[in-house]
Structure formats: C-alpha cells, structure tokens
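> Sequence and predicted structure are below.
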Amino acid sequence: MIEEKKLGVADFEQLFNEKITPYLADRIREYDFVYVEADDQERDLLLKKIISFLLDKNVIYSGEHRHNEWEAGWGENLKDLTITSQKEAMNPKYFGKYNNLRLRQKFIHPVSKDFERNSLWIIVDWLADTYLRKFHTVYEFGCGTGHNLFRIREANPEATLWGCDWAKSSQEIIKKVNESGVDKKIFGKNFDFFKPDQNFRLEPNSAIYTVAALEQVGGRFQEFMAYIIANSPKICIHIEPIAELLDSNNLLDYLSIEYFKKRNYLSGFLTYLRELEKQGKVEILKQSRNYIGSLFIEGYSVVVWRPKN
Ligand SMILES: C[S@@+](CC[C@H](N)C(=O)[O-])C[C@H]1O[C@@H](n2cnc3c(N)ncnc32)[C@H](O)[C@@H]1O
C-alpha cells in the first residue's frame with residue numbers, strides 16, 4: 001500500500017531550520033504538498049535516467065549562446081497573456097515537466113503537479129517575509145516572466161518592484177502587467193549579467209534578489225557582483241544551485257553537483273563571497289540548503305549577504 005504524506009508547517013520548520021511565522025504558515029496551508037516516496041525500484045530507474053543524462057555528450061548547457069532560447073521561451077508566455085488570466089500565464093512552463101522531485105535527499109512523486117513551483121514560492125515567501133518588508137525598491141535580476149515579484153508584493157505592498165532580464169520578452173510581459181493595472185508599481189528593465197548596464201543605478205534603501213537565474217552564468221558572476229557591490233543595496237538574496245552547500249558523499253547530492261557542472265550552472269559563487277567576507281568587503285547573513293529540489297538537482301539553496309561600505 002502506497003503511503004501518502006503531506007508537507008506541513010512543521011516540515012518546513014525543519015527544512016528551513018527556522019521558526020515559521022504565521023504569515024508563512026498561512027502560505028504553506030494554501031498549497032497541496034501531498035507526495036509519496038519513491039520505492040527502491042523507482043529510485044533505480046530515476047538514478048539511471050540521471051546518469052544517462054550526465055553521460056550524454058549533446059546536453060544543452062547555459063551561457064551567452066542561450067539568449068535567443070530564453071527570448072523565445074518567455075515569448076510563449078507573452079502570447080498566453082492575451083488568452084488566459086495574467087498571473088496564471090506567467091508560470092514558467094518548465095515546472096511540472098517530470099513526475100518526480102527530490103526531498104530530504106530522496107526521490108518523491110508529488111501528487112500535485114504544482115508541487116515544485118509551490119515549494120519554490122514558499123522559499124520566496126519565506127525570504128520576502130524575513131528580509132524584504134521594509135525596502136522602498138526591490139529588484140529581481142533574471143526575473144523571467146516576473147511571477148516571483150507577486151510573492152514579494154504580498155509581503156511588501158508599497159515597494160517599487162523591478163524585474164530585470166536579458167530577454168526583451170520579459171520586459172514586454174512586465175509592461176502588460178503594469179499597463180493593465182494588475183500592478184502599477186512593477187517595472188521591467190533589460191539587463192545582462194555578463195554586461196551590467198552601469199547607468200542603471202539602484203535606488204537608495206533597496207534590496208536585490210535572484211531565483212534560479214544567476215545559475216545561468218556558470219563561473220562568470222564577477223561583472224554582476226562588481227555592479228551590485230558598487231550600487232550598495234542593503235541586502236542581496238539568492239535562491240540558486242550552490243554546490244558548496246551539498247554533500248558530495250551523498251549520491252543524490254553528488255549527482256546534483258555533477259549536473260550543475262554538465263549544464264554549466266553557477267559555480268564558485270559562495271566560495272567567492274566567503275573570500276570577500278574574509279577581506280571585510282561583504283557580510284554573509286545566511287547560507288543554507290533546504291533539501292527541496294527537482295528530479296535532477298537541489299537548486300534552491302539560499303545565500304543572503306550585504307555589501308559592507
Ligand atoms: C530558470 S529562469 C528563472 C526565471 C525566474 N527567476 C523564475 O524564477 O522564474 C533563468 C532566467 O535567467 C535569465 N538569464 C539567463 N542568462 C542571463 C543573463 N546573462 N543576464 C540576464 N538574465 C539572464 C533568463 O532569461 C531567465 O529568465
């Protein structure tokens with residue numbers, strides 16, 4: 001008999017290693033986090049699938065050459081905006097692609113198809129609740145459709161929100177959100193991590209964050225970091241694949257780290273920040289994994305830091 005389990009407030013408290021606020025508890029209760037754990041036979045099949053992927057010589061890896069693909073991907077969401085309700089049409093289409101996810105270093109089979117997106121939203125809600133309530137301006141870099149910005153809006157009704165991305169279709173989506181009156185204080189800006197626009201200055205009393213976006217730069221985060229440090233936001237939050245926080249002696253974590261390498265995902269970022277902290281240039285406020293992930297990776301680790309002036 002297959003045992004169904006459900007993630008609740010106490011589970012997230014354990015995963016985040018923090019007391020859950022009433023605000024976040026309400027969000028957790030809104031979603032259906034029902035799942036079953038994979039049995040040994042399914043685990044073997046999933047491991048085989050991941051290993052086959054890692055051995056494939058023709059895997060698509062991230063970098064500058066993928067600009068047009070992101071442009072086209074968000075272009076699909078842009079088209080949908082005209083035919084369905086707006087917030088719904090902003091969901092990235094890559095969520096729910098596979099029937100399996102990872103949780104606490106085990107494979108699971110989520111019952112709800114939105115399990116992964118919802119668990120990511122809980123991470124965003126958690127960080128917005130903890131860190132982003134008091135800022136006048138909040139920027140998401142690599143925002144895609146900008147769906148995370150609505151999570152920030154829930155926690156901070158007054159802030160001006162910016163969604164920045166190198167894909168122009170992202171700015172077109174955000175323009176529609178703004179002009180249709182869904183949110184008049186959300187703005188879009190074309191922005192490339194590899195060539196930050198130095199004329200785009202961050203407002204005083206601002207915060208920045210990234211969600212599964214800096215992952216796309218591989219080891220090339222220095223230009224972006226120099227830009228951020230020069231602009232001195234009060235706080236910087238990243239929900240990204242961070243190999244330094246995984247355990248390479250655990251098989252699922254090990255395969256996740258190998259996948260980061262194969263796809264040219266963010267690498268060396270936390271090591272770099274730790275070095276900057278030793279030099280007295282930044283302060284790291286949080287560095288934690290949360291044991292939630294997709295089939296191939298645990299890619300939603302959290303790093304929070306601030307520049308020291
Ligand atoms: C996996 S998506 C995540 C999007 C969004 N943060 C979310 O959580 O839905 C990665 C995003 O990074 C953006 N991106 C990739 N390389 C970039 C670059 N060099 N500069 C700016 N954005 C980039 C892509 O256009 C895409 O929107």
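In hand now; what should we look at?

> In the chain, which residue is most central in space?
residue 211 (2.5 Å; C-alpha atoms, centre = their mean).

> check contacts around that residue.
By C-beta atoms under 8 Å, 6 or more residues apart in numbering, residue 211 lies in contact with 120, 124, 140, 142, 143, 148, 239, 240. Every C-beta, even on glycine, is put in place using the N, C-alpha and C of the backbone.

> Wait, the fifth one touches residue 167, no?
So the one you mean is residue 143. No - the pair formed by residue 143 and residue 167 falls short of the contact definition of C-beta atoms under 8 Å, at 9.6 Å.

> Out of the contacts of residue 211, which are close to the ligand?
Among these, the residues within reach of the ligand (C-beta under 6 Å from any ligand atom) are 142, 143, 148.

> If you drop the residues flanking it in sequence, what lies closest to residue 13?
residue 20 (4.9 Å; C-beta to C-beta, 6 or more residues apart in numbering).

> export stretch 302-309 as PDB, just CAs?
Output of stretch 302-309 as PDB, limited to C-alpha atoms (Å, rounded to 0.1, in the frame of the first residue of the first chain):
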ATOM      1  CA  VAL A 302      19.700  30.200  -0.100                       C
ATOM      2  CA  VAL A 303      22.500  32.700   0.200                       C
ATOM      3  CA  VAL A 304      21.900  36.100   1.900                       C
ATOM      4  CA  TRP A 305      24.600  38.800   2.100                       C
ATOM      5  CA  ARG A 306      25.200  42.500   2.100                       C
ATOM      6  CA  PRO A 307      28.000  44.700   0.900                       C
ATOM      7  CA  LYS A 308      29.900  46.500   3.700                       C
ATOM      8  CA  ASN A 309      30.700  50.100   3.000                       C
END
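
> For it, which outside residues touch it?
The contact list for stretch 302-309, computed with C-beta under 8 Å, 6+ apart, reads 123, 127, 131, 228-229, 232-240, 242, 269-270, 273, 277, 280-290.

> in that stretch, what's buried?
For stretch 302-309, burial by neighbour count (16 or more other C-beta atoms under 10 Å) applies to 302, 303, 304, 305, 306, 307.
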